[in-house]
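>>> predicted model, plus sequence, below.
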Amino acid sequence: MQFPHPCSRRQMLDRLAVGFGGLALNTMLASESSAIETSEPPRALAPIEPHFAPRARSVVFLFMQGGPSHVDTFDEKPALTKYDGKEPPFKRTRVQFASRGNLLRSPWRFRPTGQSGIPMSTLWQHLPAVADDLCMIHSVCDTNVAHGGATMKLHTGHEALVRPSLGSWVSYGLGTDNGNLPSYINICPSSIHGGVNNWGSAFLPSIHQGVPLGTPGYPNADASNVRFKYMNSRPTKKLQRLQLELLRNLSIEQGVADAEMEARIQSFELAFRMQMAAPDALNLESETKQTRKQYGIGNELTDSFGRQCLMARRLVERGVRFIQVNHGGSLKSYGIPTNEQWDQHSYLQRGHEINAAQIDQPMTAFIQDLKSRGLLDNTLVVWGGEFGRTPTSQATKDRSIIGRDHHTDGFTMWMAGGGVKPGFRYGATDEFGYYAIENRMTIHDLHATILHLLGLDHLRLTYRYAGRDFRLTDVHGDVAHGMIA
Amino acid sequence: MSGLSHRTADGWYVFVAAFLLMLVFPGDRASTADDSGTEFFEKRIRPVLIKHCYECHSLKSDELQGELRLDRRLTKSAPLIQPGKPDESRLIAAIRYTDSDLQMPPSGRLPARVIADFEKWVRDGAVDPRPEVTSDSTKSRRPGRQIDLEAGRQFWAFQTVRRSPPPSIIDEWIQSPIDAFILLRLQTAGLRPVERADRRTLIRRASFTLTGLPPTPDQLAAFLADKSPLAFARLVDRMLASPDYAERWGRHWLDVVRYGDCNGADESRAFPNAWHFRNYIIDTFNRDLPYDRMIAEHLAGDLLEHDGEGDYEPLVGTGFLVLGTKILAEQDQVKMNVDIIDEQIDAFSRSMLAMTLACARCHDHKFDPLPTADYYSLAGIFQSTRTMAGYGKWLERPTYLRTSLSEAKRQQQELAIRKADLAKLQKESEDALIRADAIELEAESFTRGNVAIETTNYGKGIGIIGDTGVRQLNFAEYDIAIETAGRYVLQFRYAAKTARPGRILLDDKVVRDPAISQTSGDWHPPGQRWFFEGVHALKQGVNTFRVESKPLMSHIDKLRLIRIESMPALANLIERVDAVAQRVSALESQIESPIQVMAVEEGDVANTRIHVRGSHLRLGDEVPRRFLQVIAGSEQTPLPDEQSGRLQLAEWMTQPDHPLTSRVMVNRLWRWHFGRGIVATPDNFGLKGERPTHPELLDWLARRFVERNWSIKAMHRELMLSSTWQMSSTSRPEQAKRSSGDSTADSESSPANPELVDPENRLYWRASHRRLEAESIRDALLAVAGRLDRQIGGAPLTLKSINLSIEDLERQQTFYDESNRRTIYLPVLRTNVYDFLTLFDFANPDLPTGSRTTTTVPTQALLMLNSPLVIDCSSRIAESVLSRSGTSADIERLKRVYETLYSRLPRDGEVRLAIAFLTEYVAAIQSDAVTSHSRQAAWAALCQTLIASNDFIYLR
């Protein structure tokens, strides 16, 4: 008798998120902790061969919440200076967020950086040192004009419906190399604009959902005291070991009726190992003073983001597949009435100065550190916000507090490592930085490209749900081969 | 042709319309191409068209986009091409990328040189040597795949529910017709069902299935003592009658209707009144509201009379249509509206039809016989329904609980009478005032003021004053000379559709506040009415009246003053008006205030047009509002022009012979009892869903359901009183056991090994193990620890603020951790679902879910090991058994713990393990002396381990 049951390669392992591959409990308990402990992951997270040779083995997404202004950071537009204060000579997008101000020049000077000459504004004092490792994408476009819709689209490919997040798709497609840690970790995530849906697995098996490090909040948690929930090994290791032994013996007495129940017992053993491994992975004190200083740890302005970046590096080393680092919070303590971190509808100048200063040194150090350890080749670093900011002004004519609105049809993100062309500029906006006109990179294209760099074909990475095969890129997405080295 | 030039929201639409008309009336047939023009076209233009445009705009296109073909002569006509005028040609606009709605080719802007070529080509007259086209070639669109409805009807799900008598097998195993269907299939596969489950297993399974809670030791003892053959039936009846049942099964239904207490999605605003819908569902299950009535209330409760029972008005049921996730920050309001309707169609079709109709939004359904026209037919029904109260705000409507309804009705009746009195008196006084000698002024004759005077539109024919539209304090002052000092009635004549209260000052003193605050039904001149604005003592000489209002103002036409002394009867009349008016306002303040519930109402009724490829910017043909053609046929009685059609939709859905309604629901019930539906995809009965494993049984159940007046409780009895339901979950075949002593059994008839034949148990040869759902795990934990608060209904935590703050979220978290209420009463924050629930596979509250998954992940284990809730419950149980008098021996304590946690007694091996554990644990804590503290800790650790163990969390 046959019951047709279509399933993809990963889907057949759904129900059994924990397999039989784990180390035996006693072996595990006996093992001495070494520098970096890894162990075989549960079956649903077991590493799977990608569709083709990957360029990157892991992804670190530096998410800039609120939408950094591309024309003030990386997309130099002399025309804005020339036509400052003038009515724009082009038709604006049909749907805009709020303002209809005139063209606004950047308050910052741009200069070419590195051998490659990538223009960066003077907001960046450290980043030019790694300019030749960066691949600018100046033509990101086609997203929602509101934070929520755009944030969800960037993270899940859909601006409204609950869909698996990029990191969950990656975990589903590749599994993980280290069973002691989750395959997808989100450091200091935000609870707003989609909240958990931005790292959720939706209909993918829940083992692929991002595990928050720190309580999701708004403003986001400070990185100095974050941990995984329920990983507070409560009594002592010794006492909990007694419990685990009893659990296993009881299961034999009670009768392990099926694979699922067996898997459940295994899951306790895995949990126990994770409990051991996580504190070590997050222990920044074990880094040299020099390294911590390099990341800006200890300096009030850069401490939180520096810690996040350093944790990200330690997690990359430990084989975690997808890591998100979040720059999101509030500037209220600086007296700036901004909503989200980069959301400078007003106070563009002061706001962006503080924002850039908070991340400039840490992320530069992060890229240098990855490179010096030989990790950058295998690690794709992605930097960007949910949208850019308008080349036009908002709020006021008062230059001291003038700002920019949300902008969706042409803005900049950058990548580094993981197979992208270093010191390269891909795509372009028009002379005002309004429309992406060259090599337009929709969010679906971006996702297709990231998957491609990981060795995954976005057309083949599917999951059967509600009667059809779903993809991260829905029915869209083109790989931007032009930016791949 | 001037009609062509009007602008619509969609540039392409105009573009296409113009193009098509242009084909009918080619304007420039006679023009001949000169040679150089032809050469330029062939060298610079045509190759670009071929390379960048033909993929979507030619006869070879898979799907012709915008009904525009560029593989034939581009006739010169506005707005596509204006020869000589590139700036006015939309083709040029498209390739220039200067218009955000019209950017071609979509892959990116063409090089500037190419754009320059096109500009030159148009400037030079747009010579196009290719063959002309004739009007009928506009039909050259490639025929799309047409859905064959007749073929579609042959699919099992659309076939009439068959009359399928149970197979006539005689077997002592058969207790119910269900068993006959099951046994026949088992026999065909050479299998026998396993033995009946023991009584402890049965009561535990029944209790968790029906109530979501474990049996208490007392309930267990009572059931074990009841030796009657009817004991189990009585147990089922008792459980069905208990309110715990509705709290359990209401939650199943909340999965299907994707219940949430906040919007979720991008801007997660709270739904402060959603909990009424939740309690309505619990009430509905408690009183076993017939299922047909229940879904009718979900779709059209606002249009139905109350059935006489239950706490809630049927209106509350329409919360189903409002509860969905919406993109509240969507700046494109047209899109927001169509997205909301899409969500409604998705929720409706998946929950009640088990069809993925939302797939037909952009194109005909790829697999099922659901043309895109059907989607927009239903969209028309929902479009004609009001779901939103305004931008970003869903509709809430006032209603009463039945318990407070009679008092509210009495008050309302009195209020209506008083209001009628008041209106009559006001009319009388108005008539009297009209006859009186009066000083009457046009409002626009003010002495000083900053108001706007309008003589057109709102002031047409009469002249009015109103606000200027600028945010300001609007005022007008009137210096009025009075000959005779005395008390004067002041009246204003104004029109106001909504109240815009202001105030009146007399000689700089406020004499009436609020003033000009009434409504008259219309802003326009027909809405103008006289309103009483108080009695004022005026002095001889100039008196200055000032009327002011901020930021808006009613539309004032006139004012007038009447000296009361000139009309003695008037004073008395005015006093009576005042007295009644005061009574009315007193009544209004006392009146039983209604509750606000999320609900819909009838809206502006209209059919919709097909949105080409799902885009609200490309509208196609209008389709009538109607039901799915594959079921209801293509010739349907048109829906009334003055009704949305929801009532008719509800009637259609609940016809006894509807092929899906009853099947879908009995399959859901089966799924929740057995862990897998007869159709394994309860939300998808389409081609891509699973086929029924027992189609005859499904149809038998569906008919039975309708015959039993759609009673869900009756179906529970049907299912649970079958042998199928009562089987053990062990793999021992019943017959093998029964015939073990029967030496005459020959080997040929001995059953096959079911583990090999049907390892997935799709034929039901045994009961399947099932992990408890998240709610049951939490509720059972609270119950066994003695923490569970059994209060029914209410809203233990309401979300007052629409915008959830971080404090709300924190309050929420604390509340979750500390609450002792059953889980169904915890608010479901879609963007922040309680992690205890999500870890154990709680349904995604954004989407209809008929079948939760069961995953096993290490984080669940971490929770069991470290969560404060588990730790607290464990130590409470330990405390309780240690403090019980009379059970001094550990073995007695252990029995008590086992009965509480597992509804059974410990086996010998388990006793040995537990005792050894206690000793070791105590020793590990404190190697020298056993103190009561470490004993308590050891017992708590033991209880925690037993809770973490499979037998607590799995039903056998």
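Sure thing, it's come through. Numbering: from 1, shown residues only, chains lettered A, B, ... in the order given.

>>> how close does B:Thr693 get to A:Leu446?
43 Å (CB to CB, to the nearest Å). C-betas here are computed from N, CA, C, even on glycine.

>>> between these two, who's got more neighbours?
Neighbour totals were compared for B:Thr693 and A:Leu446, and A:Leu446 leads with 25 against 17 (other CB atoms under 10 Å in any protein chain shown).

>>> what sits against the more buried one?
A:Leu446 makes contact with A:137, A:140, A:413, A:480 under the criterion CB atoms under 8 Å, 6 or more residues apart in numbering or on different chains.

>>> same check on B:Ser351?
B:256-257, B:683, B:848, B:850.

>>> so what pLDDT did whichever residue of chain A sits closest to chain B get?
Nearest residue of chain A to chain B: A:Gly148, at 1.9 Å (CB to the nearest CB). Here the pLDDT value assigned to A:Gly148 is 84.

>>> hmm, back to that, just name the closest of the contacts of B:Ser351 to chain A, please.
Nearest to chain A among those: B:Asp683, at 6.6 Å, using CB to the nearest CB.

>>> name the SS class of B:Ala423, please.
helix (DSSP: H, G, I helix; E, B strand; the rest coil).

>>> tell me the pLDDT at it?
What the model reports as pLDDT for B:Ala423 is 85.

>>> could you measure from it over to B:Ala581?
B:Ala423 is 11 Å from B:Ala581, by CB to CB.

>>> when the two are compared, which one has more neighbours?
It is B:Ala581, of B:Ala423 and B:Ala581, that has more neighbours when counted by other CB under 10 Å, with 17 against 11.

>>> and B:Arg609, how many neighbours does it have?
Neighbours of B:Arg609 (other CB under 10 Å): 16.

>>> distance between the ends of stretch B:388-396?
Using CA to CA, to the nearest Å, one end of stretch B:388-396 lies 8 Å from the other.

>>> now do the buried residues in that stretch.
Across stretch B:388-396, burial judged by 16 or more other CB atoms under 10 Å in any protein chain shown covers B:388, B:392, B:394-396.

>>> where's the dip in pLDDT among those?
Among these, B:Gly392 has the weakest pLDDT, 80.

>>> nearest residue to that residue other than its sequence neighbours?
Of all residues not flanking B:Gly392 in the chain, B:Leu328 sits nearest, at 4.6 Å (CB to CB, 6 or more residues apart in numbering or on different chains).

>>> these two touch, right, the one you found and B:Arg269?
Yes - assessed by CB atoms under 8 Å, B:Leu328 is found in contact with B:Arg269 at 6.1 Å.

>>> which residues are common contacts for these two?
By CB under 8 Å, 6+ apart, the residues touching both B:Leu328 and B:Arg269 are B:Asn263.

>>> between these two, which is the more surrounded one?
B:Leu328 (24 against 20).

>>> now the two most distant members of the buried residues of stretch B:388-396.
Using CB to CB, the two most remote members of those are B:Gly392 and B:Glu396, lying 13.5 Å apart.

>>> just the pLDDT for residue 36.
Using chain A here. Reported pLDDT for A:Ile36: 59.

>>> if you could check chain B rather than the one you did, that'd help
Reported pLDDT for B:Ser36: 79.

>>> and it, how many neighbours?
If we define neighbours as other CB under 10 Å, then B:Ser36 has 10 of them.

>>> next SSE downstream of the helix or strand of chain A with the lowest mean pLDDT?
Ranked by mean pLDDT, DSSP states H and E, the weakest helix or strand in chain A is helix A:25-30, scoring a mean of 40. The C-terminal neighbour of helix A:25-30 among helices and strands, as given by DSSP states H and E, is strand A:58-64.

>>> show me what that following strand is packed against.
helix A:166-174, helix A:303-317, strand A:322-327, helix A:348-372, strand A:379-385 (3 or more CB pairs under 8 Å, 6 or more residues apart in numbering or on different chains; DSSP states H and E).

>>> can you do 7 Å?
Helices and strands touching strand A:58-64, by 3 or more CB pairs under 7 Å, 6 or more residues apart in numbering or on different chains; DSSP states H and E, are helix A:303-317, strand A:322-327, strand A:379-385.

>>> turn these into TSV, columns for mean pLDDT, mean neighbour count and distance to A:Ala46.
Shown next, in TSV, are those (pLDDT from 0 to 100; neighbours: other CB atoms under 10 Å in any protein chain shown; distance: least, CB to CB, whole Å):
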stretch	mean pLDDT	mean neighbour count	distance to A:Ala46
helix A:303-317	97	24	19
strand A:322-327	97	28	16
strand A:379-385	98	26	21
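
>>> distance to chain B added to these, as TSV?
Listed next are the helices and strands packed on strand A:58-64 as TSV, based on distance: least, CB to the nearest CB, whole Å:
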stretch	distance to chain B
helix A:303-317	17
strand A:322-327	16
strand A:379-385	15
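
>>> same list (the ones you listed) but as a markdown table, adding distance to B:Glu760.
A markdown table is the format used below for the helices and strands packed on strand A:58-64 (distance: least, CB to CB, whole Å):
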| stretch | distance to B:Glu760 |
| --- | --- |
| helix A:303-317 | 38 |
| strand A:322-327 | 33 |
| strand A:379-385 | 40 |
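
>>> low pLDDT regions in the chain?
Assuming you mean chain A. A:1-39, A:42-43, A:98-99, A:233-235, A:256-259, A:338, A:395 (pLDDT under 70).

>>> you looked at the wrong chain, it should be chain B
Scanning chain B for pLDDT under 70 picks out the ranges B:1-34, B:75-78, B:132-145, B:266-267, B:732-751, B:799-811, B:885-888, B:927-932.

>>> residues from the stretch 51-200 of chain A in reach of chain B?
Remark: the part of the stretch 51-200 of chain A in contact with chain B comprises A:90-95, A:97, A:145-146, A:148-149, A:152, A:159-160, A:162, A:191, A:193-197, using CB under 7 Å from any CB of the partner chain.

>>> out of those, list just those in helices.
Judged by DSSP state H, helices contain the following of those: A:148-149, A:152.

>>> does chain A sit close to stretch B:937-945?
Yes - Stretch B:937-945 reaches chain A (CB under 7 Å from any CB) through B:941, B:944-945.

>>> now do the same contact list for B:Ser404.
B:Glu592 (CB atoms under 7 Å, 6 or more residues apart in numbering or on different chains).

>>> B:Pro243 versus that one, what's the distance?
Distance of B:Ser404 to B:Pro243, given as CB to CB: 21 Å.

>>> also A:Pro47?
50 Å.

>>> A:Ala44 against A:Pro205, yeah?
Yes - counting by CB atoms under 7 Å, A:Ala44 does reach A:Pro205; the two are 5.9 Å apart.
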